[in-house]
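Engineer: One predicted model, sequence on top.
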Amino acid sequence: MRKIAIIPARSGSKGLKNKNIIDLCGKPLMAYSIEAAVKSKIFDKIIVSTDSREYGSIAKKYGAEVMYRTKELSNDTATTFDVLKDLLNRLDTEFDYFVLLQPTSPMRTHKHILEAVNKFELNYQAFDFLVSVKEAEHAGVLVKPIEKDESLKHFDTDFSNYKRQSYKAYSPNGAIFMAKPAAYLKQKHFFGAKSLAYMMNKQDSIDIDDELDYEFACFCMNKK
C-alpha cells in the first residue's frame, strides 16, 4: 500500500523553548522521528510540516521533505486537524493512508512503525484508523473532575475492594497515528469504533511536553 509519513513541527513552543529541535543526546528532537521513518523504508514521502525555515533546513538534513504552513496555521489556536487538512489538500500524491509521527516521541523507533503498519494493513478492510496506546498510569475510575466545592463526590466507586488489575485502562501515547485520508477528513479525529489500538510499553511511550519529560527522555535515551 502507498503511504506517507507526516511529522508536524511548529516552532515557538512556550512550555519548553524550541521543543521540537531541542538537543537530545546530540541530535535535534525531531530528527529521531524523521530517522525512524526513513529507516522503516516503507514511505513514499516523509513530510515535515513547519512554519520555520530553520526547522525546514534541519528536516531536509535528516532526509525529509518540507511543507511550510501559512501564518494562520502557525499559532497556538491551529489544531492538528487544521494542519493535516491543509497538508492533505495540497498534496498531489495518491496514497492509501498517512502516518502521523509527532516529534515529541523520540523513543518510538522504525520497528514500532513497521509493527503498527503491519497491524493496520492486515486489518485495513475493517478499520480506518490506528492509534498507539500505553497502559494508563491510573484507571478511569481514579480520574475524575473536582468542582469548586473541592469535594470528591465524583469518586463514587466502592474502593473497599479496589484492585488496580480489575480496572486496567489505556491511553493514547502520541507516538503513532494512522488514517485513511477521506475517513479522517470526514471524522476529524483518529478515535472510535473504526480505530485500532497498537500497544507500546511505558518507556517507548515517552512524550516530551515539559522540562521533566525532557530530563526523563535524556536519561532513558542515554541508558538505551
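Structural biologist: Good, I have the coordinates. Predicted, not measured: the structure shown is a model, and the values here were computed from it.
Engineer: Which parts of the lengthiest strand in the chain count as buried, going by neighbours?
Structural biologist: For the chain, the longest strand by residue count, based on DSSP state E, is strand 170-179. Across strand 170-179, burial judged by 16 or more other Cβ atoms under 10 Å covers P172, N173, G174, A175, I176, F177, M178, A179. Bear in mind the C-beta positions are built from the backbone N, C-alpha and C, glycine included.
Engineer: Could you report the neighbour count for D23?
Structural biologist: Using other Cβ atoms under 10 Å, the number of residues around D23 comes to 12.
Engineer: Tell me the one among the buried residues of strand 170-179 nearest to K19.
Structural biologist: G174 (13.0 Å; Cβ to Cβ).
Engineer: got a list of what A59 touches?
Structural biologist: I7, A9, M30, I34, V48, T50, E65, V66 (Cβ atoms under 8 Å, 6 or more residues apart in numbering).
Engineer: how about the last one, secondary structure?
Structural biologist: The local conformation at V66, judged by DSSP: H, G, I helix; E, B strand; the rest coil, is strand.
Engineer: That one against E54, yeah?
Structural biologist: No: assessed by Cβ atoms under 8 Å, V66 is found out of contact with E54, at 11.1 Å.
Engineer: who's more crowded, the two?
Structural biologist: Neighbour comparison, V66 and E54: the larger count goes to V66, with 18 against 12 (by other Cβ under 10 Å).
Engineer: element containing V133?
Structural biologist: According to DSSP states H and E, V133 maps onto strand 129-135.
Engineer: between that strand and strand 170-179, how many degrees?
Structural biologist: Using axes from the mean of the first three to the mean of the last three Cα atoms, to 10 degrees, the inter-axis angle of strand 129-135 relative to strand 170-179 is 160 degrees.
Engineer: which other helices and strands contact strand 129-135?
Structural biologist: When contacts are defined as 3 or more Cβ pairs under 8 Å, 6 or more residues apart in numbering; DSSP states H and E, strand 129-135 packs onto helix 110-122, strand 170-179, strand 195-199.
Engineer: circling back: note down every partner strand of the longest strand of the chain and its orientation.
Structural biologist: Paired neighbours of strand 170-179 in the sheet (DSSP bridges): strand 97-100 (antiparallel), strand 129-135 (antiparallel).
Engineer: ok, residues contacting the shortest one?
Structural biologist: Outside of strand 97-100, the residues that reach it under the criterion Cβ under 8 Å, 6+ apart are 1, 3-8, 37, 43, 80, 84, 88, 113, 116-117, 120, 176-181, 184, 190.
Engineer: where does the chain have low pLDDT?
Structural biologist: 164-167 (pLDDT under 70).
Engineer: Is A5 in a helix, a strand, or coil?
Structural biologist: What three-state DSSP gives for A5 is strand.
Engineer: quick one, what contacts it?
Structural biologist: By Cβ under 8 Å, 6+ apart, the contact set of A5 is A37, F43, K45, I46, I47, F98, V99, L100, L101.
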